[in-house]
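> Provided below are the primary sequence and the corresponding predicted coordinates.
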Amino acid sequence: MTRSLRDAIAQHDNDYRPHVERFECRTGLCWHDPTPPTLGRGSRLSIVIPVRDNAYCLPTVLDALNAARDYTPASTQLIVVDDASTDQTTAIIRDHPAVDIGIRLPRPVGGAAARNAGLLLAEAPTVLHMDGDMVLPAHALADVAIRGADDLVLVGFRHNVPYTPGPDGRPILPAGEPDLHADYRAHWTPPAGKPMFYSGQVYDQAFVANPLADTDDFVKLGHGRAYYDWDLPRMAVTALVATPRDALIDVGGFDPGFTEIGWGAEDTHMGAMLIAAGCKLAPLRQLRGHHIDPPDADEQWQHKLASAPPRLAHYRQLLTQPAPTGRRGEFTTRTRRLLAEGEALR
């Protein structure tokens, strides 16, 4: 009998520690240390960024990626997919030297389908998925490129900062490295008496939790286990996460059923599919970026909250279906059709 996606997840542990041991033995570098620029030669990495109306921050994001590409000797490819922007995003993609491939879609299709477009165009065995408002430190691409594997999902973290424009309109960022503990997966303070949106749990009193540390860096989340409101698929957040290209294409890429613009769950589902396919989720504590809030952050947050229940319901329904595999042909046909509608910007 074919196992459901939920049952398939329960069959797999998340003991990625052999990967860590081999890496540290091969390089002499700690798994969580920033990668020096002397390492990474021979590695290959594709970066995929879907964007929609990100002109307020995209030049800063691309400038940082340019610096990161200069830092690492790895071979990198940057793909930006414009999901029918109505501001200056399209022109920025067309003109910025960091972009290797730029595609503009003529109609909004949502983050899942836009990410699939970039995934199909990616050439490297490891693909870094990131949001168009994530500003990365120079070592970030090297961190991912040298640690990628065909059964490993590398999880990064985000430090949200409000959009504060400088005299030139560009966002002002905090000095230094982004703070790991600004991410909810590292430092979490759930409220008392309020149902959690993901699990529905209600806690009698507020408390402070550390999901990353308390799960031994996600190792204890294997076999479908949970830590309060958190489980392993939820740790795969496409603000900053790297996946093996072939494995993600084999399970069909991101589910385009998550079509609304805004908060997703397509990344949680992506994590679930890859876990069921035998991939491990390994955090990189040094892989973190400044995540710039949009100028209308309050309005967008309300939209995201309003769209969360139907998206989560769609995800729960997908968990009851057979674990996907062998979907490369379907993925390729569907995504090529979408790309045929697009305009090549670079």
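Here it is on my side, so go on. Residues are numbered from 1 along each chain as shown.
> Helices along the stretch 201-346 of the chain, start to end?
With DSSP state H, counting those that start in this stretch as the criterion, the stretch 201-346 of the chain has helices at 211-214, 245-250, 266-276, 297-319, 328-341.
> Distance to H159 and mean pLDDT for those helices - can I get that in CSV?
Heads up, the C-betas are built off the backbone N, CA and C, glycines and all. Formatted as CSV, the helices of the stretch 201-346 of the chain follow (distance: least, CB to CB, whole Å; pLDDT from 0 to 100):
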stretch, distance to H159, mean pLDDT
helix 211-214, 14, 98
helix 245-250, 26, 98
helix 266-276, 18, 97
helix 297-319, 15, 83
helix 328-341, 32, 97
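> Out of those, the one nearest A74 is which?
Nearest to A74, of all the helices of the stretch 201-346 of the chain, is helix 245-250, at 15.0 Å by CB to CB.
> which residues sit against the closest one?
46, 119-120, 122, 124-127, 150-151, 270, 273-274, 277, 279, 325-328, 331-332 (CB atoms under 8 Å, 6 or more residues apart in numbering).
> Now do the buried residues in it.
Judged by neighbour count (16 or more other CB atoms under 10 Å), helix 245-250 contains these buried residues: 245, 247-250.
> And the longest strand seen in the chain, what does it pack against?
What stands out as the longest strand in the chain, according to DSSP state E, is strand 280-292. Here strand 280-292 touches helix 17-27, strand 134-135, helix 140-145, strand 152-161, strand 240-244, helix 266-276, going by 3 or more CB pairs under 8 Å, 6 or more residues apart in numbering; DSSP states H and E.
> So which of these is the most surrounded?
helix 140-145 (a mean of 28; mean count of other CB atoms under 10 Å).
> Using CSV, list the CA coordinates for it.
C-alpha atoms of helix 140-145 as CSV (Å, rounded to 0.1, in the frame of the first residue of the first chain):
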residue,chain,number,x,y,z
ALA,A,140,26.9,33.0,2.8
LEU,A,141,27.2,31.6,-0.8
ALA,A,142,30.5,29.9,0.1
ASP,A,143,28.8,28.4,3.2
VAL,A,144,26.2,26.7,1.1
ALA,A,145,28.2,25.8,-2.0
